[in-house]
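# Build me a model from this:
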Amino acid sequence: MPSNIIQLPTGPRWRVLIAHRRSEVRHVLRTLIETESIAVVEAADGEAALAALEYTRFDLLVLELDLPVKDGVAVMQLHRVLLAHERSRVDAPAVIVTLAPEVRGNATLIDHLRTLGVAGVVDDSPRPDVARLVEDVLRVRAERNAPGKPAAA
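Prediction:
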C-alpha cells in the first residue's frame with residue numbers, strides 16, 4: 001500500500017569531541033565510535049578543543065590527559081566553568097580520558113579523575129571495547145536526561 005508519509009533523515013543523535021595530539025589515535029577512536037547516530041569532531045590540542053566547544057554542544061568528550069596547549073583536565077574544567085555562566089542551564093558533556101600506558105595502572109590518578117567526574121578511562125592505544133564504553137556512557141546520559149524523570153536531589 002503506497003504511503004504519502006516520507007521519513008526525513010534526522011542526522012546524528014549524539015555529538016562526540018575527540019581531542020588527542022596524535023592523528024592516528026584520533027582516527028582509530030573515530031573509527032570505533034562514529035556511527036549513524038554518533039557524529040565525531042576531532043581536535044589536535046586543548047586550544048582547538050575549547051574552540052570547538054565554544055561553537056558546538058557535545059554529549060561526550062574523549063580527551064587525552066596530556067593534551068598539548070591545555071591538558072584534558074583543564075579543557076574539561078574550563079568548559080564546565082563556561083557552561084555554569086550561561087543563561088540557560090546546559091548539562092556538561094560526559095568525559096572519557098585517554099591515558100598513556102605508563103600511567104594507566106596508577107590507581108591514585110584514576111581515583112582523582114573519577115572525583116573530577118570523569119566517566120571512564122581508556123588506553124592511548126584504543127581497543128574495540130572503547131565503542132562499548134562510549135555506548136554505555138551515552139545511554140546513561142540519555143536515561144538521566146529523559147523527560148519526565150525526576151530531578152536528582
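# can you pull the pLDDT of Leu8?
The model reports Leu8 with a pLDDT of 60.
# same deal with Phe58?
So Phe58 comes in at 96 (pLDDT).
# And what about it, helix, strand or coil?
Using DSSP: H, G, I helix; E, B strand; the rest coil, the structure places Phe58 in coil.
# contacting residues for it?
Neighbouring residues of Phe58 by C-beta atoms under 8 Å, 6 or more residues apart in numbering: 15-17, 41, 52, 93. (Glycine included, C-beta is placed from N, CA and C.)
# Would you mark the buried spots in the longest helix seen in the chain?
In the chain, assigned by DSSP state H, the helix with the most residues is helix 129-144. Within helix 129-144, the residues that count as buried by 16 or more other C-beta atoms under 10 Å are 130-131, 133-134, 137-138, 141.
# Now pLDDT and distance to Val121 too, for the residues you listed, in JSON lines please.
Converted to JSON lines, these look like this (pLDDT from 0 to 100; distance: C-beta to C-beta, whole Å):
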{"residue": "Val130", "pLDDT": "95", "distance to Val121": "11"}
{"residue": "Ala131", "pLDDT": "94", "distance to Val121": "15"}
{"residue": "Leu133", "pLDDT": "96", "distance to Val121": "9"}
{"residue": "Val134", "pLDDT": "96", "distance to Val121": "13"}
{"residue": "Val137", "pLDDT": "95", "distance to Val121": "12"}
{"residue": "Leu138", "pLDDT": "95", "distance to Val121": "17"}
{"residue": "Arg141", "pLDDT": "89", "distance to Val121": "17"}
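# Can you lay out those as CSV showing distance to Gly117?
What follows is the buried residues of helix 129-144, written out as CSV (distance: C-beta to C-beta, whole Å):
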residue, distance to Gly117
Val130, 19
Ala131, 22
Leu133, 16
Val134, 17
Val137, 12
Leu138, 16
Arg141, 12
